[in-house]
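Peer 1: mind folding the following:
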Amino acid sequence: NGSQLSSLPLHILLYVNGIYYIFYFLATLAMIIYKSQVFSYPDDFLAPDLAVLFLMAILEVPRLYLGFKGNLTEAEAPLGLSLGLTVGSVVLCVYLLLWQTYVLWADVLLNALLLSAYGLESGLKVTAIAAFVS
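Peer 2: Residues are numbered from 1 along each chain as shown. As a prediction, the model looks like this:
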């Protein structure tokens, strides 16, 4: 069977997510710095908020890499791993949406967009994995 199973929509979405995540990271970091200056940010709350953001950034690299690799090589294992990492990213994103020390409307907007992208991407990954396996 010489048909191509890799998903163009998934490839495009992974690329767009990569670009958006750079913007998301910088904007969220800037807002955490802003909030630490403007609001009385308890010292012991600043570190976990920053740690979550940096952990998320560290997860994003293999998440996107495995997503691209799995999609382009039509291999379900890297795509499955990427999907697993996406679950971790979603949890961290929800933390920043609901439980970080101060949540501004911009935080809600940025995280809602990222969660939507993760959801759409996960659906496309599951579809692609199903196509590769069949």
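Peer 1: what ranges do the helices span in this structure?
Peer 2: Using DSSP state H, the helices of the chain run over 8-38, 43-73, 76-94, 105-133.
Peer 1: centre of the chain to the last one, how far?
Peer 2: Same thing as helix 105-133. Remark: helix 105-133 is offset 8 Å from the chain centroid, using Cα atoms, centre = their mean, to the nearest Å.
Peer 1: and the second one, by the same measure?
Peer 2: Offset of helix 43-73 from its chain centre (Cα atoms, centre = their mean): 7 Å.
Peer 1: about what we covered before: now the helices of the chain in a markdown table, with mean pLDDT and mean neighbour count?
Peer 2: The way it works is simple: take the backbone N, C-alpha and C, and place the C-beta from them, glycine included. As requested, those are arranged in a markdown table below (pLDDT from 0 to 100; neighbours: other Cβ atoms under 10 Å):
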| stretch | mean pLDDT | mean neighbour count |
| --- | --- | --- |
| helix 8-38 | 96 | 15 |
| helix 43-73 | 94 | 17 |
| helix 76-94 | 97 | 18 |
| helix 105-133 | 96 | 16 |
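Peer 1: my read: Val126 touches Thr86, true?
Peer 2: No - applying Cβ atoms under 8 Å, one finds Val126 not in contact with Thr86, separated by 10.6 Å.
Peer 1: nearest residue to the middle of this structure?
Peer 2: Ser89 (5.1 Å; Cα atoms, centre = their mean).
Peer 1: mind checking how far the closest residue to that one other than its chain neighbours is from Asp107?
Peer 2: Residue nearest to Ser89 in three dimensions, not counting chain neighbours: Leu59, with 5.4 Å by Cβ to Cβ, 6 or more residues apart in numbering. For Leu59, the distance to Asp107 equals 19 Å [Cβ to Cβ, to the nearest Å].
Peer 1: ramachandran coordinates for Asp6?
Peer 2: Not Asp; residue 6 is Ser. Backbone dihedrals for Ser6, given as degrees, to the nearest 10, come out at phi -60, psi 150.
Peer 1: all good on my end, thank you.
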